[in-house]
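**Student:** Just the structure for this:
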Amino acid sequence: MSSQSHPQSLLRLFATSAIVTLLILIVIFIYLGLSAALLTLVLVMIEVTFSFDNAVVNAKVLGTLSLFWQKIFVTLGVLIAVFGMRIVFPILVVMLTSRLGWGDVVTLALQHPNEYAARLTEAHTGIASFGGLFLLMLALQFFFDPERKVHWITRFERPLQRSGSWLFYTSVSFLILVVVSFSPMNKRPMDTFAAGVAGIITYLLVQLLTSVFDHDGNAGHSIQKAGVAGFIGFLYLEVLDASFSFDGVIGAFAITNNVVLIAAGLGIGALWVRSLTLFMVRHKLLESYRFLEHGAHYTIGILALILLFSLFKDVPEYVAGSIGVVIIGLAIVSSIRATRSEHSN
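**Tutor:** Next up is the predicted model:
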């Protein structure tokens, strides 16, 4: 069997993403012109580049799921990510905050994109607080995990690990939320607090459900979750994607106010991130690059803090994305050096 026809080949894993990308860009070029197609391509590259940390964490969770739930993630999950989070959910947010009907919001988005973007931005407080606290809990759980064997920045990670307790990192997250919510600079303290508490509770609930239905416990990664446990894992991946992605929808308006191009660009990007996630799982990249997971969680922690800081001051999306690219790049380089050092000894 040739390498290209092998299930784990690059061609098989990325073919669908490439074909869909090409078809959509051709359609946009025909109906909206070359500049629109190029803008869409820029949005795709931004989404993929800045979502690499999302793909790494997704790969960690996806690798524990059965083949059935992996297929659901890259089929139904893609529909949820593309149409649900990049198109439907922003419209629902504007409906709730402006009390307009579905048709009115769609008309607003297509005919008055600047006003639509402004209405969407009004929901930033709740989005940033919920997403920031959810992602902060995710990052802190990783660093406070007492069972983690591999350390990248040992002097920083080991002291945190000694304090490893869900109650401890939850308390740290809640304290940060209180400080951010009731800072004199916060103009919407109760909205911030309520959304942040919802983010913390959602994360704890997902972890609780995972532990209840994960009958295999610590039996090892060779045993993959199916049934209810697989469904809980799938839900966790979708909530995680929502926490990563929605703020990017708002940020995309800095590039273009054309909601069709935003939906197309970010949707295609989400499809490529799914393919990248599956590639990491099939090729066991988290095992080959031992510090890749660490780099992703450092990036997630920084992204969470940036989301919370954005409650007071606008932060360009490229700031978080650039930091993430640098950290993950360093993690990959460190992994390669560590492997070579072991082999040389």
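
**Student:** list the helices and strands the longest helix seen in the chain packs on?
**Tutor:** Of all segments of type helix in the chain, defined using DSSP state H, the longest is helix 317-344. When contacts are defined as 3 or more C-beta pairs under 8 Å, 6 or more residues apart in numbering; DSSP states H and E, helix 317-344 packs onto helix 34-50, helix 52-62, helix 227-252, helix 292-309. Just so you know, the C-beta spots here come from the backbone N, C-alpha and C atoms, and that holds for glycine as well.

**Student:** And that helix, what's buried?
**Tutor:** 317, 320, 321, 323, 324, 325, 327, 328, 331, 332, 334, 335 (16 or more other C-beta atoms under 10 Å).

**Student:** quick one: it to helix 34-50, angle?
**Tutor:** For helix 317-344 against helix 34-50, the angle by axes from the mean of the first three to the mean of the last three C-alpha atoms, to 10 degrees is 50 degrees.

**Student:** So which residue is dead centre in this structure?
**Tutor:** residue 244 (3.4 Å; C-alpha atoms, centre = their mean).

**Student:** So what's the predicted local confidence for it?
**Tutor:** Looking at residue 244, its pLDDT reads 81.

**Student:** for it, what are its contacts?
**Tutor:** 51, 53, 54, 131, 135, 303 (C-beta atoms under 8 Å, 6 or more residues apart in numbering).

**Student:** mind running it again at 10 Å?
**Tutor:** By C-beta atoms under 10 Å, 6 or more residues apart in numbering, the contact list for residue 244 reads 50-51, 53-55, 57-58, 81, 85, 131, 134-135, 270, 273, 300, 303.

**Student:** tell me the angle of the helix or strand harbouring residue 277 relative to helix 292-309?
**Tutor:** Under the criterion of DSSP states H and E, residue 277 resides in helix 259-282. Between helix 259-282 and helix 292-309, the angle comes out at 150 degrees (the same axes, to 10 degrees).

**Student:** Now find how far off-centre the helix or strand just after helix 259-282 is within its chain.
**Tutor:** Proceeding N to C from helix 259-282, the next assigned helix or strand is helix 285-288, under DSSP H and E. Centroid displacement of helix 285-288 relative to its chain, using C-alpha atoms, centre = their mean, to the nearest Å, is 19 Å.

**Student:** Tell me where the stretch 201-345 of the chain is predicted with low confidence.
**Tutor:** Along the stretch 201-345 of the chain, the parts satisfying pLDDT under 70 run over 214-223, 345.

**Student:** Could you rerun that using 80?
**Tutor:** Scanning the stretch 201-345 of the chain with the threshold set as pLDDT under 80 gives 210-224, 226, 245-248, 250-251, 254, 316-318, 320-321, 343-345.

**Student:** With the stretch 51-200 of the chain instead?
**Tutor:** 97-98, 163-165.

**Student:** give me that answer again for 70
**Tutor:** Looking at the stretch 51-200 of the chain by pLDDT under 70, you get 164.

**Student:** Double-check residue 93 against residue 125; I have them as touching.
**Tutor:** No: the criterion here is C-beta atoms under 10 Å, and residue 93 misses it with residue 125 at 11.6 Å.

**Student:** next one: stretch 200-219 to chain centre, how far?
**Tutor:** That offset, for stretch 200-219, works out to 19 Å (C-alpha atoms, centre = their mean).

**Student:** Buried residues in that stretch, which are they?
**Tutor:** 200, 202, 203, 206, 207, 209, 210, 214.

**Student:** List every C-alpha atom in stretch 170-180, with coordinates, as PDB.
**Tutor:** Taking C-alpha atoms only, stretch 170-180 is exported to PDB below (Å, rounded to 0.1, in the frame of the first residue of the first chain):
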ATOM      1  CA  THR A 170     -10.600  26.600  41.200                       C
ATOM      2  CA  SER A 171     -10.000  29.000  44.100                       C
ATOM      3  CA  VAL A 172      -7.200  30.700  42.200                       C
ATOM      4  CA  SER A 173      -9.500  31.100  39.100                       C
ATOM      5  CA  PHE A 174     -12.300  32.400  41.300                       C
ATOM      6  CA  LEU A 175     -10.000  34.900  43.000                       C
ATOM      7  CA  ILE A 176      -8.900  36.200  39.600                       C
ATOM      8  CA  LEU A 177     -12.500  36.500  38.500                       C
ATOM      9  CA  VAL A 178     -13.400  38.600  41.600                       C
ATOM     10  CA  VAL A 179     -10.500  40.900  41.000                       C
ATOM     11  CA  VAL A 180     -11.300  41.400  37.400                       C
END
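
**Student:** what comes into contact with it?
**Tutor:** Contacts for stretch 170-180 (C-beta under 10 Å, 6+ apart): 128-129, 132-134, 136-137, 139-141, 144, 160, 163, 165, 186, 189, 192-193, 195-197, 199-201, 203-204, 304-305, 308-309, 311-312.

**Student:** 7 Å - rerun?
**Tutor:** Here stretch 170-180 makes contact (C-beta atoms under 7 Å, 6 or more residues apart in numbering) with 133, 136, 137, 140, 186, 192, 193, 196, 200, 204, 308, 311.

**Student:** Tell me how far the last one lies from residue 194.
**Tutor:** The reference is to residue 311. 13 Å (C-beta to C-beta, to the nearest Å).
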